[in-house]
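1. Sequence and predicted structure below; questions after.
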Amino acid sequence: METGFSSGIEMKNKTLIIQIDIGRGTQWGTANTIDPIRNIFIPSVKNYCSKHNYGYSLITKSEYDIKYGTYDFLGSVNKHYSFERYFHFKNEYDFTIYIDNDVYIYPDADPIPHFKGLMNVKEPEGNSSKIFRQVNNLGENFGYYNSGVTFCDKSSANILADYMIKRLNDKNRPKGKNSDNMLLNEFILENLDIFNELGGEWNYMPFLPNAKKIQKPNFFHFVGIIGKEIINKLQLNQISVIEFLKEIKNKKQL
């Protein structure tokens, strides 16, 4: 599959990065989990935007709640908050990047390269990928992609937003698992002509089973319940989250 990148040109003043932090937080975990998200991870994304002159938007008010009221489309309230991004994908920017709030961006992370279409990182093989292939009668080699970091050019952002809002209005829920991630993968399946796979350095998920280790991650994702358990254990044992992230990055991969 093509990478979707072209010359690696840094995009200035044309790129918007969106994150969501609504209410008690949009991630699994406890109040202790939210603390590093708000004090370490989100600020790391803001610093990255400032360094590279990208637009930044932190969504703290739910458009879904205002327009629809009841959280009856996806499997949980938190998954509805994740869906919130699609109300903001139509904007004046040439490129829209969505980043989950449990993602940390390293200070020396590369700038966003020039790209076309929609891009996501493939998840390691797991239960969700098996369910997705099974309910859609797909072959074993068909990938399942993580929605936590999503790259869109203007055209694909508009197409994706229209698609998702229509699915919501029609109450057309995803098959297999009623989640925002499964919904995105159904979109990818139906729109392969605008999709390209994103390199794992842009959404590094080393704690997931079957994950491949990489040498220089740009974005580190404390994905899912496992990621939140690690955050809580670090705090319980009074281990610096920043030092832990540095150690992960500097550790030689075999």
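-> Perfect, I can see it now. Residues are numbered from 1 along each chain as shown.
2. what about the strands in the stretch 151-254 of the chain?
-> Ranges of strands within the stretch 151-254 of the chain are 195-198, 219-221, based on DSSP state E, counting those that start in this stretch.
3. Using CSV, lay out the ones you listed together with mean neighbour count and mean pLDDT.
-> (C-beta placed from N, C-alpha, C; glycine too.) Output for these, formatted as CSV (neighbours: other Cβ atoms under 10 Å; pLDDT from 0 to 100):
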stretch, mean neighbour count, mean pLDDT
strand 195-198, 19, 97
strand 219-221, 24, 97
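4. Out of these, flag the one nearest residue 45.
-> strand 219-221 (8.8 Å; Cβ to Cβ).
5. Give me the residues contacting that closest one.
-> 99-100, 102-106, 109, 146, 148-149, 201-205, 227, 245, 248-249 (Cβ atoms under 8 Å, 6 or more residues apart in numbering).
6. Stretch 130-149 too?
-> 82, 97-100, 102-103, 120-123, 126, 128-129, 175-177, 180-182, 184-186, 188-189, 197-198, 202-203, 205, 219, 221, 223.
7. Out of the residues you listed, which sit inside helices?
-> 82, 128-129, 180-182, 184-186, 188-189 (DSSP state H).
8. Neighbour-wise, give me the winner out of these.
-> Using other Cβ atoms under 10 Å as the neighbour test, the ones in helices among the contacts of stretch 130-149 are led by residue 185, with 27 neighbours.
9. Quick one: low-confidence residue ranges for the stretch 151-254 of the chain.
-> The model of the stretch 151-254 of the chain has pLDDT under 70 over residues 252-254.
10. give me the low-pLDDT residue ranges for the stretch 1-150 of the chain?
-> Those would be 1-13, 24-30, if you go by pLDDT under 70 across the stretch 1-150 of the chain.
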